[in-house]
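Engineer: can't give you the sequence, but here's the structure:
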C-alpha cells in the first residue's frame with residue numbers, strides 16, 4: 001500500500017513539474033499589449049519620404065517602425081518601463097548601391113545610436129487606441145531618452161505618427177494637400193501608418 005501511495009505521489013508531482021511552464025507562457029502572452037498584432041510587427045508611414053545623401057542625391061523611400069512586444073526597463077533609465085522595443089528608420093524603396101555582388105538599400109536611423117527605440121504608453125484607450133512616446137536608445141538599450149516622435153496605435157491595425165525629424169538627418173515627408181499641391185517637410189502631425197510585412 002505504501003509503495004502504491006508513493007508511486008501515486010511521484011506521478012502527481014511529476015505531472016505538476018511538467019505544468020510549471022504554463023503560467024509563464026500565459027504571462028508572456030499577457031505582455032502583448034496590442035493584441036491585434038503579432039509579437040513582432042512593422043508599421044510604415046503612409047506618405048513617401050526622401051533622404052538627401054552627402055553627394056546631394058535624393059533617394060525616395062518610406063519611414064518604418066519595427067516593433068517587438070516585450071516590456072523593458074533600461075538599466076540607466078530605470079524610472080522608464082516600456083511596453084515595446086524596436087527600431088525607427090528611413091529605408092529606400094529601391095536598391096541604391098552594391099558591394100561584392102550584393103545589392104543594398106539606403107537606411108537612415110531616425111533616433112538612438114542606430115535607430116533603437118523603446119515605446120512607453122502615455123495614454124490607454126481601448127475604444128480608440130493607445131498612445132506611445134518613442135524613446136531613442138543606445139545600442140545596448142540600457143539608456144533611453146525621449147525623442148520628438150509619438151505613435152497612436154488604433155484599433156483597426158493602423159496607426160498615426162506625430163514626428164519632427166532632426167535636420168541633420170536630411171529626411172523629409174511628402175505632404176499632399178486637398179488641392180493637389182504637395183510639400184516636403186521634416187515634421188508632421190497624425191500621419192497615417194499601415195502594417196508592413198516583416199522579413200523572415
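Structural biologist: Nice, thanks for sending it over. The structure displayed is predicted, hence computed values, not measured ones. Numbering: from 1, shown residues only.

Engineer: Can you tell me the closest non-neighbouring residue to residue 138?
Structural biologist: residue 113 (4.9 Å; C-beta to C-beta, 6 or more residues apart in numbering). In this view, the C-beta of every residue, glycine as well, is placed from N, C-alpha and C.

Engineer: cool, and residue 134?
Structural biologist: Using C-beta to C-beta, 6+ apart, the nearest residue to residue 134 is residue 149, at 3.8 Å.

Engineer: unless I'm mixing things up, that neighbour is touching residue 161, no?
Structural biologist: Yes. With contact defined as C-beta atoms under 8 Å, residue 149 counts as touching residue 161 (6.8 Å).

Engineer: Tell me which of these two has more neighbours.
Structural biologist: Under the criterion of other C-beta atoms under 10 Å, the comparison of residue 149 against residue 161 puts residue 161 first, with 25 against 22.

Engineer: Mind telling me what element the more buried one is part of?
Structural biologist: Using DSSP states H and E, residue 161 maps to strand 158-164.

Engineer: mind listing what that strand pairs with, with the direction of each?
Structural biologist: Looking at strand 158-164 with DSSP bridges, its partner strands are strand 144-154 (antiparallel), strand 187-196 (antiparallel).

Engineer: circling back to that earlier point, now do the residue nearest to residue 134 against residue 132, distance only.
Structural biologist: Residue 149 is 9 Å from residue 132, where distance means C-beta to C-beta, to the nearest Å.

Engineer: buried ones in the longest strand seen in the chain?
Structural biologist: The residue-count maximum for a strand in the chain (DSSP state E) belongs to strand 82-99. Within strand 82-99, the residues that qualify as buried are 82, 83, 84, 85, 86, 87, 88, 89, 90, 91, 92, 96, counting by 16 or more other C-beta atoms under 10 Å.

Engineer: now swap in stretch 55-72 and tell me
Structural biologist: 59, 61, 62, 63, 64, 65, 66, 67, 69, 70, 72.
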